[in-house]
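Asker: Below are the sequence and a predicted model; questions follow.
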Amino acid sequence: MMGKILLATAMATAVPAAAQEKMAQMEQRADDIISQMTLEEKFAQLMNETPGIPRLGIEPYDWWNEGLHGVGRSGRATVFPQPIGLGATFDPDMVQQIGDAIATEARAKYVVARRNNNYARYTGLTFWSPNVNIFRDPRWGRGMETWGEDPFLTGTMGTAFVRGMQGDDPVYLKVAACGKHFAVHSGPEATRHEANVEPSKRDLWETYLPAFEMLVKDAKVEIIMGAYNRVYGESASGSKLLLTDILRRQWGFKGHIVSDCGAVTDIFSGHHIAKSEAEACAIAIKAGLNVECGTSFRALKEALDQQLLTEDDINLALKPLMMTRLKLGIIHDDPDCPYNHVGEEQIGSKEHIALARQAAVEGMVLLKNQRDALPIDKNIHTLFVTGAGAADAFWLMGNYFGISDRYCTYLQGIVSKVSNGTAVNYRPGVLENTPTRNAINWAVDEAAGAEKTIIVMGNNGNLEGEEGEAIDSERGDRDGISIPESQMNFLRQVCRRKQQGIIVVLTGGSPVDVREVCQLADAVVMAWYPGQEGGYALADVLFGDENFSGRLPVTFPEDGDRLPPFDDYSMRGRTYKYMADNIYFPFGFGLSYGRVDYGDLQVKADKKTGATASLTLTNSSDRTVTETPQVYIAAPGAGASAPLQQLVSFRRVSVAPGQMVSVSFDIPLERLMTVQDDGSRKLLKGEYTVTVSSAAPSPRSQALGVQTLSQKVRL
């Protein structure tokens, strides 16, 4: 898996001479187009909703499109699992396929929209995905949009997604992907338009920037979106440090930069950095912003009149936008673009449906399984399904979703799997904090009377999301990590009548307090927001047609009250890298129907090339198991503010019953380096601890029986 990614990176750096010549022609064409525009036309082309320029043959275009886990907000499309669920797959090869499928459907929808003269928002080819912010605090409502809490996992999965979205042509883009929100952005939602974040240089370069750097250098991402917040006093969407010094000069970013929606307005109305819209525009343009999502760039003419900007500044900002449209092949009809004629039949194709189901299966995480609760026998006599999310398609979706024409709820998936001789019954079962006037609660009675009861509970898009999305939360964030009390009360009622055979399926996009759930239930599954095929996928794993292979991309804390303050951006006490305690389920954890034993760890290190680690995996069960060994390092003498350990490699490995396989990992030198207090990276001298484990090393992992092997090497 990782080998394929490294090979793709090497191939991407070798640009054929013909491609270089074509790019040079595009550069000239962009300059020519800009030279023919009036000043007013240039201003308009720097806003997300751009008018056409008929005399130049340029059609209207809106830069705003969403593709987080399928073409979003634009009608029918395949809806894949939410990224946090995709992060749980630890499968970048599959994520790259998903990116490609989304881009294929986007191209097909674009062709149809243009044929119908539809230039509305969400019909274009510039997609503001993926979100590679770090999920540092489980209360953040948008954590569901991310790949998890680890920079290396996030960068690896995000890079694969971008490669899939943008395609492999050396010149043309299938679609343009966007890394967001740059940078140091992960809540609270309530203060994002005014907050100033000043992380330590170590946290900035060790946690908040690496995934963006990987997208820029390894995936050649075409778009970067600035965040709302300030960083060291500068608006992230108007920061010379972030947009010019780091992104363009240090990393060599060649694409265009877009503001988050309304972020330029925030420069003067939220952050009070500027005294007017015109001054805010000048700050953003001078810092390197190319296109505004919002309306403040209407003051660009005023900024020129006040000599805050020059026409050369406008031309410089405009050129990357013209280049993006030329690389998409959509300024004018471009016969050389290989992506301009994708057929409508690709939307919701059988292949994409199958991929969505595979992704949902791979992302579901088995957290507990005892008393032979799972897998369920398809010929079970009586089965009861209940819970607030059991029959509601909204509980599958997450946010930034498209609309599928074939959602499968959890209830539908379960019913499709069992024998026709099984008595399956269903009731929602949860009263939303209102007392019942009926003395009899059939849901509790039927749950108690069934051989096994499946309860679907947790969070949905009304409880967590972005500012303005979740209607029962603090601007989209959660106050804590508890499961809604009404749902917990229902679970307690059922468990007072039924002592075994209870299977809890948790939904949502963030860690929750599962202590009581794990005490009451025999089996607990984290299903996330699994997309349109979620019901089928859940049934596949519950009934044993597929084995569980998902791993947690985030730590599940033991006690939400012991979390650091939400608005504190220091990494102390956050994520597996800095949490010494308060861990209930560790990062990387997940069970399966089988056991794989780790053995014969061998580690070699070289201060010039890096390290290699090899081990054997032996399946002692009667089921094929997909195991995900993870490689962590702890550096010598790194200091109190350094991570306890950090993920440097991982791989999904299929191991047949009774089989022993050998697995090796190459760890490049840069992954062994430690970020210093000043933000620089250094290879420290001394003894490194290399651990290969099925979850992040910790005392809690040991208590859970996590497979762990460690070896010390010197560099």
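Answerer: Nice, I can see it. None of these values were measured; they are calculated from a predicted model. Numbers count the residues shown, from 1 in each chain.
Asker: Distance-wise, check the nearest residue to residue 470 once chain neighbours are set aside relative to residue 94.
Answerer: Spatial nearest neighbour of residue 470, chain neighbours left out: residue 476 (4.7 Å); criterion: C-beta to C-beta, 6 or more residues apart in numbering. Every C-beta, even on glycine, is put in place using the N, C-alpha and C of the backbone. The gap separating residue 476 from residue 94 is 29 Å, by C-beta to C-beta, to the nearest Å.
Asker: Could you do residue 339 as well?
Answerer: In terms of C-beta to C-beta, residue 339 sits 22 Å off from residue 94.
Asker: Spell out the residue ranges of the strands in the stretch 101-250 of the chain.
Answerer: Taking DSSP state E, counting those that start in this stretch, the strands of the stretch 101-250 of the chain run over residues 178-182, 196-197, 223-226, 230-231, 234-235.
Asker: now those strands as TSV including distance to residue 695 and mean pLDDT?
Answerer: As requested, the strands of the stretch 101-250 of the chain are exported to TSV (distance: least, C-beta to C-beta, whole Å; pLDDT from 0 to 100):
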stretch	distance to residue 695	mean pLDDT
strand 178-182	28	98
strand 196-197	30	98
strand 223-226	32	99
strand 230-231	32	98
strand 234-235	38	98
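Asker: hey, which of those strands is tucked in deepest?
Answerer: Highest mean neighbour count of the strands of the stretch 101-250 of the chain: strand 178-182, a mean of 28 (counted as mean count of other C-beta atoms under 10 Å).
Asker: List the contacts of residue 700.
Answerer: Residues near residue 700 by C-beta atoms under 8 Å, 6 or more residues apart in numbering: 581, 583, 584, 585, 586.
Asker: I'd like to know how far the second one sits from residue 555.
Answerer: With distances taken as C-beta to C-beta, residue 583 is found 6 Å from residue 555.
Asker: Settle it for me: which of these two has more neighbours?
Answerer: Between residue 583 and residue 555, counting by other C-beta atoms under 10 Å, residue 555 is the more crowded of the two (29 against 22).
Asker: So what's the residue count around residue 639?
Answerer: Applying other C-beta under 10 Å, we find 11 other residues in the vicinity of residue 639.
Asker: so it sits right up against residue 682, yeah?
Answerer: No: using C-beta atoms under 8 Å as the test, residue 639 is too far from residue 682 to be in contact (11.1 Å).
Asker: Count the neighbours of the residue nearest to residue 470 for me.
Answerer: When neighbours are counted by other C-beta under 10 Å, residue 476 registers 24.
Asker: give the contact list for it.
Answerer: Applying C-beta under 8 Å, 6+ apart, we find residue 476 in contact with 141, 142, 189, 464, 465, 466, 467, 468, 469, 470.
Asker: For PyMOL, what selects the buried ones among those residues?
Answerer: Applying 16 or more other C-beta atoms under 10 Å to those leaves a buried subset, and the PyMOL line that selects it is:
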select buried, resi 141+142+189+464+465+466+467+469+470
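Asker: And the contacts of residue 476, which is closest to residue 705?
Answerer: Checking those against residue 705 by C-beta to C-beta gives residue 464 as the nearest, at 30.9 Å.
Asker: Tell me if that closest one really is in a helix.
Answerer: No: assigned with DSSP: H, G, I helix; E, B strand; the rest coil, residue 464 falls outside any helix and is coil.
Asker: Any chance of the backbone angles for it?
Answerer: Dihedral angles of residue 464 (phi, psi; degrees, to the nearest 10) stand at phi -150, psi 150.
Asker: which residues does the nearest residue to it once chain neighbours are set aside contact?
Answerer: Setting aside the residues directly before and after it, residue 464 is nearest to residue 141 in space (C-beta to C-beta, 6+ apart), at 4.4 Å. Residues near residue 141 by C-beta under 8 Å, 6+ apart: 187, 189, 464-467, 469-470, 473, 475-478, 510.
Asker: ok, back up a step: can you convert the contacts of residue 476 into JSON lines and add a column each for distance to residue 98 and pLDDT?
Answerer: Listed next are those as JSON lines, based on distance: C-beta to C-beta, whole Å; pLDDT from 0 to 100:
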{"residue": "141", "distance to residue 98": "23", "pLDDT": "98"}
{"residue": "142", "distance to residue 98": "20", "pLDDT": "98"}
{"residue": "189", "distance to residue 98": "27", "pLDDT": "97"}
{"residue": "464", "distance to residue 98": "23", "pLDDT": "98"}
{"residue": "465", "distance to residue 98": "21", "pLDDT": "97"}
{"residue": "466", "distance to residue 98": "22", "pLDDT": "98"}
{"residue": "467", "distance to residue 98": "27", "pLDDT": "96"}
{"residue": "468", "distance to residue 98": "27", "pLDDT": "93"}
{"residue": "469", "distance to residue 98": "23", "pLDDT": "94"}
{"residue": "470", "distance to residue 98": "25", "pLDDT": "93"}
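Asker: can you tell me which two in the contacts of residue 476 are farthest apart?
Answerer: Using C-beta to C-beta, the contacts of residue 476 span at most 12.6 Å, a distance reached by 464 and 468.
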